[in-house]
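K.L.:
The amino acid sequence is not available; the structure is as follows:
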């Protein structure tokens, strides 16, 4: 019995160390504010600082009124806003490699994708959508049941994550779409110039119902006057 227990412990430790050994750096923290933490695949949780290395499968989490920016090794930049959870799983450093892959569970994310390699450089997966880009500046708001995507500059191809739903759209500058659970992307709409800088602030995530709520412009302006800047 003791030998069996000893062998089990050795196996578990071996798996942990093996997991740590194959972990690869995918980027580093540039800037952060508020409640931010990183949890490794082994379950270890750290409070990062500027320059902290992010490894593949690390879970990055932000709390309320919090923000973190990450420079990926492929040259792309991530601006992770409040109440977000995501993983960076793969990094594309050579043309022959698969695109950089980001798994977004919930929250608000702005991506400025690198232009250095031909073809699709970044793919973002949410619970309901998939977005593939190259050299594009775009934003995503995601919950378990829906996703909103907007293009600040460039082009993004957006589809439902369910491969059985074939319809997709290529969004261009200032275009926005919504992808609901088991539904094709909605026909894109054009975001007015004056609203584009406030796009993230015009939506809030209802955490209880897992839905995205649009804030009226008047409410948004008053809210900005009454509270500190919410990244």
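P.N.:
It's in. Source: prediction; values computed, not measured.

K.L.:
downstream neighbour of the helix or strand residue 152 falls within in the secondary structure list?
P.N.:
Remark: residue 152 resides in strand 146-153, with elements defined by DSSP states H and E. Scanning forward in sequence from strand 146-153 by DSSP H and E, the next helix or strand is strand 156-160.

K.L.:
packing partners for that following strand?
P.N.:
Other elements packing on strand 156-160 under the criterion 3 or more CB pairs under 8 Å, 6 or more residues apart in numbering; DSSP states H and E are strand 129-133, strand 168-171, strand 175-180. Using the backbone N, CA and C atoms, a C-beta is placed for each residue, glycine as well.

K.L.:
Each with direction, which strands does the longest one pair with?
P.N.:
What that stands for is strand 175-180. The partner list of strand 175-180 in its sheet, established with DSSP bridges, is strand 146-153 (antiparallel), strand 189-190 (antiparallel).

K.L.:
Show me what that strand is in contact with.
P.N.:
If you take CB atoms under 8 Å, 6 or more residues apart in numbering as the criterion, strand 175-180 is touched by 126, 128-129, 145-151, 158-160, 169, 171, 185-191, 199.

K.L.:
Centre of the chain to that strand, how far?
P.N.:
Computed by CA atoms, centre = their mean, to the nearest Å, the separation of strand 175-180 from the middle of its chain amounts to 16 Å.

K.L.:
Let me see the mean pLDDT of it.
P.N.:
Confidence for strand 175-180, expressed as mean pLDDT, is 98.

K.L.:
That one versus strand 156-160: what angle between them?
P.N.:
For the pair strand 175-180 and strand 156-160, the angle between their directions (axes from the mean of the first three to the mean of the last three CA atoms, to 10 degrees) equals 20 degrees.

K.L.:
so how far is the strand or helix carrying residue 124 off the chain centroid?
P.N.:
Residue 124 belongs to strand 122-125 when elements are defined using DSSP H and E. For strand 122-125, the gap between its own C-alpha mean and the chain's C-alpha mean amounts to 8 Å (CA atoms, centre = their mean).

K.L.:
which secondary structure elements does it contact?
P.N.:
strand 100-112, strand 129-133.

K.L.:
Most tightly packed of the ones you listed?
P.N.:
Burial of the helices and strands packed on strand 122-125 is given as mean neighbour count (mean count of other CB atoms under 10 Å); strand 129-133 ranks first at a mean of 24.

K.L.:
Quick check: next helix or strand after it?
P.N.:
Next along the chain from strand 129-133, counting by DSSP H and E, comes strand 137-142.

K.L.:
Many thanks, we can stop here.
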